[in-house]
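Chemist: would you be able to build a 3D model of this:
(2 chains)
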Amino acid sequence: MADLRVNFAGIKAPNPFWLASAPPTNSGYQVQRAFEAGWGGAVWKTLGDPVINTSSRFAAMHFNGQRVAGFNNIELITDRPLEVNLKEIYETKKRFPNHAVIASLMVEPKQEKWHEIVKKVEAAGVDGLELNFGCPHGMAERGMGAASGQVPELVEKQTRWAKEAANTPVIVKLTPNITDITATAWAAVQGGADAISMINTINSLAGVDLDSWNTVPHVAGKGAHGGYCGPAVKPIALNMVAECARNPEINIPISGIGGISNWKDAAEFILMGAGSVQVCTAAMHHGFSIVEDMIDGLNNYLDDKQLASVKELIGRTVPRYSDWGNLDLNYKIVADINTDTCINCNKCHIACEDTAHQCIDMLTSPDGNKYLQVRTEDCVGCNLCSIVCPVDGAIDMIEIPNGPPMTWNERQAAIKQPIA
Amino acid sequence: MHMNRMKDRSVSLTDLTKNFLEMEPDLTAKEAMDEANRCLYCYDAPCITACPTSINIPSFIKKIASGNLKGSAKVIMDANPVGASCARVCPTEELCEGACVLNDASQPIMIGNLQRHAANWAIHNNAQLFKAGARNGKSVAIIGGGPAGLSSARELARLGFDVTIFEAKDKAGGLDTHGIVSFRLPQRVSMWEVEQVESLGVMIRTNTIVGRDIGPEEILTAYDAVVLAIGMASVPPLGIEGETARGVYDAIEFVESTKTPPMDTHLTGKKVVVIGAGNTAIDAATCSVRLGAADVKMLYRRTEAEMTAYEFEYEFAKQEGVEFRWLTQPIGIIQDEEGAVKGVKCLQMELGAADESGRRRPIPVEGSEFTIEADAVIRAIGQARYVKLIEAFGLTHKWGTVKVDLNTYQTSNAKVYAAGDVIFGDGQGDAMVVTAAEQGKQTAYSIYKQLVGLGMVQTS
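Modeler: Next up is the predicted model:
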């Protein structure tokens, strides 16, 4: 049994699996149920001046019969009075003193507003604060959420205001609706943030109803953009976490958020530099019990890797993430089709033939059996065939010797060298 | 047929009609969607090659997954004018599903059931999937409105021919309408296919027997081409004593009597002996079970290994409680004083050397005579041929199997084409509905080529 405990920027939790600030953390009842199920922490649904939410709020992207490949919402922050939330935070913390309860906050970009709310929630006993600079819909129209999160100066300034009043660690939650997330992450660092978390949801419209021509979702026939999350956003989130993690000037812990559905997703974020992970969509899809396999799976994985604690996993892949210019141009892999495992669906052939490099031949052996073969000399090692192959182990991408390493940057430098 | 999908296997003795309702349930919308999404959408898919009518199976399955059921039904019916029936009667394990690449990785796609799902959509929505082509001024007579005849007619009509089908029975559809057990293929499915063909302007003259109501000469003169799709005839006599006894049935006629209510109740609780071990014999046996017979035995002079019924049919019959008596040769039917069947006199056989068909020849065991009690005997030893009609058209044949050029489907009379069971046998083709459908299509294209002569066949 590996040690799953985390100390994230000073916030201690029994495991790195936290519920993100979202509908699952709307009330004390829900957060306490989550802790009973095994979640290590919870970021309370964003507190601020109570709002009015619309009816019809969520929509999802389904893919080839699978429900919820992506999830879209137009729900705003908490619509319950602040006092009620604070009372429930207090009760929850009292019942679960060793679990992390973090308050997500969003107020107008004014110093006194930040001071006021920070003091109030800290008095309720939270372990940390998460500044919501990411919510992309509704609140942004009022100058909050993503509207402030998209302007680095506002991120820095508001972080500083929160820090001025805070005694607990301050996490800044970043919006992905920006060209370069390291710019706002760096602003958070400048503002004194103890940690950053990412990503908040991505601007989205889930769909259009082909019968009514309404947007999905719609409110009385009218739609507005929402925020996208769920499995489909994982690669976007993972890159943003990784970009921050490898940036030497962003040297504070990162809480990874975005499409994490199981222990494998979580482990990937941790390898990419996340010190904790936050989950919402998967819990909304299946309920709180999913955390059981997240804990169990991560434990078994760490045991397999002979790592004593989850801390030892954090950031292990970060040094392997770089710029394209540092990739070895001489590294060569080619596809190799294992005819024993191949089921002859020919998907690799047609993918290669129509959309890649025309190097997989459909052949017939002298005894009449059909088989597929890669013309290695024409294969560029793009991986497409192995991606579309439905059977594990039927296509291997194998490395072939191809000269000493040479990156683009090295090559350009070599060209510039004066001839001696 | 997917045995594990049949939830209710019970036989009602009070409402026999119930026993003949389609046995395997339709896929639910969710089952169909899940299954359609499981299809890999192979390139150059082996299921297409394995289908005698070359239905673009990945295409119709993808269309189910995308919610384009009309398009899906059209892909199916385009390649196979009796595709709704074939979805139910094709030996898919031996054809498309047997070829599915997922056999090696998990479970093959339920192609037959998905085909049925899409075809059902077209049936329930009464979709008109095709239209007749611009008239080309030529006319074709089709003799026989079974799968081959309908298939030929549908394609000819799309190619602009004026088509008349001469159908001996009161309804077209051939075996699909009359001869395939209802619990596998309800008559309304076949009748929908008939209506689809009629809706293209094809004239179907039912209750019209060629050779009785209209002569071959008249047809040959009146039409530019003739398609002979007359199938096969009734079950030949066993050639044993007592065959005319009351209670001896022809398997084809017997199954036909179960296609439309009311059901005959007189086999309820009785002992039935079926002679033969082909697919029709199994149909007769399982129909007997579903008519409430208490005891159904199939007699076959060879063994399990030589029987011609499909594996899944044999399996189904066993599950229905049919008893198989191998190496049993009937030599006479015993009757009571009133001329009704009382039993079957049999000989025990043993297998000797292989005969010209490659199967081991059964030889009687001396002194092994014994009797099996029976209230009814069903003959299911194959089907005779309409030799007289074939000869009336002056066509070359061998034991009733009409000789055709397999490239053009032309018979010895270049004006007469033939398709379906009438050309099955003597090394020609298969006796499947789907084969008949394909041959029917091919006669249409061949006629088009001969009479209109434009290179590419384009249908609308």
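Chemist: mind giving me the domain split of chain A?
Modeler: As assigned by automatic domain parsing, chain A contains the domains A:6-320, A:324-416.
Chemist: could you give the separation of the last one from the chain centroid?
Modeler: Spelled out, that is domain A:324-416. 30 Å (C-alpha atoms, centre = their mean, to the nearest Å).
Chemist: quick check: mean pLDDT of it?
Modeler: Averaging pLDDT along domain A:324-416 yields 97.
Chemist: ok, now stretch B:44-52?
Modeler: Taken as a whole, stretch B:44-52 carries a mean pLDDT of 97.
Chemist: show me the contacts for the residue of the stretch 301-450 of chain B found nearest chain A.
Modeler: Nearest residue of the stretch 301-450 of chain B to chain A: B:Asp430, at 20.9 Å (C-beta to the nearest C-beta). In short, each C-beta sits where N, CA and C put it, glycine included. By C-beta atoms under 8 Å, 6 or more residues apart in numbering or on different chains, the contact set of B:Asp430 is B:Pro52, B:Phe424.
Chemist: phi, psi for it please.
Modeler: B:Asp430 has phi and psi values of phi -130, psi 160 when expressed as degrees, to the nearest 10.
Chemist: scan chain B for its longest helix.
Modeler: helix B:433-451 (DSSP state H).
Chemist: any buried residues in it, and which?
Modeler: Using 16 or more other C-beta atoms under 10 Å in any protein chain shown as the test for burial, helix B:433-451 gives B:433-448, B:450-451.
Chemist: hang on, B:Leu395 in a strand?
Modeler: No. Under DSSP: H, G, I helix; E, B strand; the rest coil, B:Leu395 sits outside any strand and is assigned coil.
Chemist: return the distance of the spatially closest residue to it that is not a sequence neighbour relative to B:Thr208.
Modeler: Distance criterion C-beta to C-beta, 6 or more residues apart in numbering or on different chains; nearest residue to B:Leu395, sequence neighbours excluded, is B:Thr411 at 4.6 Å. Here the criterion is C-beta to C-beta, to the nearest Å. By it, B:Thr411 lies 21 Å from B:Thr208.
Chemist: between these two, which has more neighbouring residues?
Modeler: B:Thr411 (25 against 17; other C-beta atoms under 10 Å in any protein chain shown).
Chemist: which residues touch residue 56?
Modeler: Since no chain was named, I'll use chain A. A:Pro217, A:His218, A:Val219.
Chemist: that's the other chain; I wanted chain B
Modeler: Contacts of B:Asn56 by C-beta under 8 Å, 6+ apart are B:Ile48, B:Val75, B:Ala79.
Chemist: count of residues packed around the last one?
Modeler: It refers to B:Ala79. 22.
Chemist: ditto for the first one
Modeler: Counted with other C-beta under 10 Å, the neighbours of B:Ile48 add up to 18.
Chemist: wait, isn't it in contact with B:Phe60?
Modeler: No. The criterion here is C-beta atoms under 8 Å, and B:Ile48 misses it with B:Phe60 at 10.4 Å.
Chemist: for stretch A:171-187, buried residues please.
Modeler: Buried-residue list, stretch A:171-187, by 16+ other C-beta under 10 Å: A:171-178, A:181-182, A:184-187.
Chemist: over to stretch A:316-334?
Modeler: Applying 16+ other C-beta under 10 Å to stretch A:316-334 flags A:Val318, A:Tyr321, A:Lys332, A:Ile333, A:Val334 as buried.
Chemist: the fourth one bridge partners, please.
Modeler: Spelled out, it's A:Ile333. Per DSSP bridges, the residues bridged to A:Ile333 are A:Glu399.
Chemist: how near is it to A:Pro390?
Modeler: Applying C-beta to C-beta to A:Ile333 and A:Pro390 gives a distance of 21 Å.
Chemist: please apply the same query to the last one.
Modeler: Applying C-beta to C-beta, one obtains 20 Å for the distance of A:Val334 from A:Pro390.
Chemist: the second one now?
Modeler: For A:Tyr321, the distance to A:Pro390 equals 29 Å [C-beta to C-beta].
Chemist: repeat for B:Ala36
Modeler: For B:Ala36 relative to A:Pro390 (C-beta to C-beta), the value is 15 Å.
Chemist: the more surrounded of the two?
Modeler: Shown here are B:Ala36 and A:Pro390; by other C-beta under 10 Å, B:Ala36 has more neighbours (26 against 17).
Chemist: contact partners of stretch A:291-299?
Modeler: By C-beta under 8 Å, 6+ apart, stretch A:291-299 touches A:1-2, A:4, A:15-17, A:34, A:37-39, A:262-264, A:266-267, A:279, A:283, A:310.
Chemist: so for it, mean pLDDT?
Modeler: On average, stretch A:291-299 scores 98.
Chemist: for that stretch, buried residues please.
Modeler: Here stretch A:291-299 shows A:Val291, A:Met294, A:Ile295, A:Leu298, A:Asn299 as buried, counting by 16+ other C-beta under 10 Å.
Chemist: and that stretch, how far out from the chain middle?
Modeler: 18 Å.
Chemist: try stretch B:147-160
Modeler: Distance, centroid of stretch B:147-160 to centroid of chain: 18 Å (C-alpha atoms, centre = their mean).
Chemist: can you pull the contacts of the residue of the stretch 51-200 of chain B found nearest chain A?
Modeler: Per C-beta to the nearest C-beta, B:Val101 is where the stretch 51-200 of chain B lies closest to chain A, at 4.2 Å. Going by C-beta under 8 Å, 6+ apart, B:Val101 touches A:Ile343, A:Asn344, A:Cys345, B:Leu40, B:Cys42, B:Ala45, B:Pro46.
Chemist: quick one: the residues you listed as CSV, columns for neighbour count, distance to A:Met198 and secondary structure too.
Modeler: Compiled in CSV, those are given as follows (neighbours: other C-beta atoms under 10 Å in any protein chain shown; distance: C-beta to C-beta, whole Å; DSSP: H, G, I helix; E, B strand; the rest coil):
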residue, neighbour count, distance to A:Met198, secondary structure
A:Ile343, 20, 41, coil
A:Asn344, 20, 44, coil
A:Cys345, 27, 39, coil
B:Leu40, 21, 36, coil
B:Cys42, 23, 41, coil
B:Ala45, 24, 44, coil
B:Pro46, 20, 47, helix
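Chemist: now the residues you listed as JSON lines including distance to A:Gly125?
Modeler: Putting the contacts of B:Val101 into JSON lines (distance: C-beta to C-beta, whole Å) gives the following:
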{"residue": "A:Ile343", "distance to A:Gly125": "58"}
{"residue": "A:Asn344", "distance to A:Gly125": "63"}
{"residue": "A:Cys345", "distance to A:Gly125": "58"}
{"residue": "B:Leu40", "distance to A:Gly125": "55"}
{"residue": "B:Cys42", "distance to A:Gly125": "60"}
{"residue": "B:Ala45", "distance to A:Gly125": "63"}
{"residue": "B:Pro46", "distance to A:Gly125": "66"}
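Chemist: helix/strand/coil for the closest residue to B:Cys100 other than its chain neighbours?
Modeler: In this structure, B:Cys100 finds its nearest non-sequential neighbour in B:Pro108, 3.6 Å apart by C-beta to C-beta, 6+ apart. Secondary structure assignment for B:Pro108 (three-state DSSP): coil.
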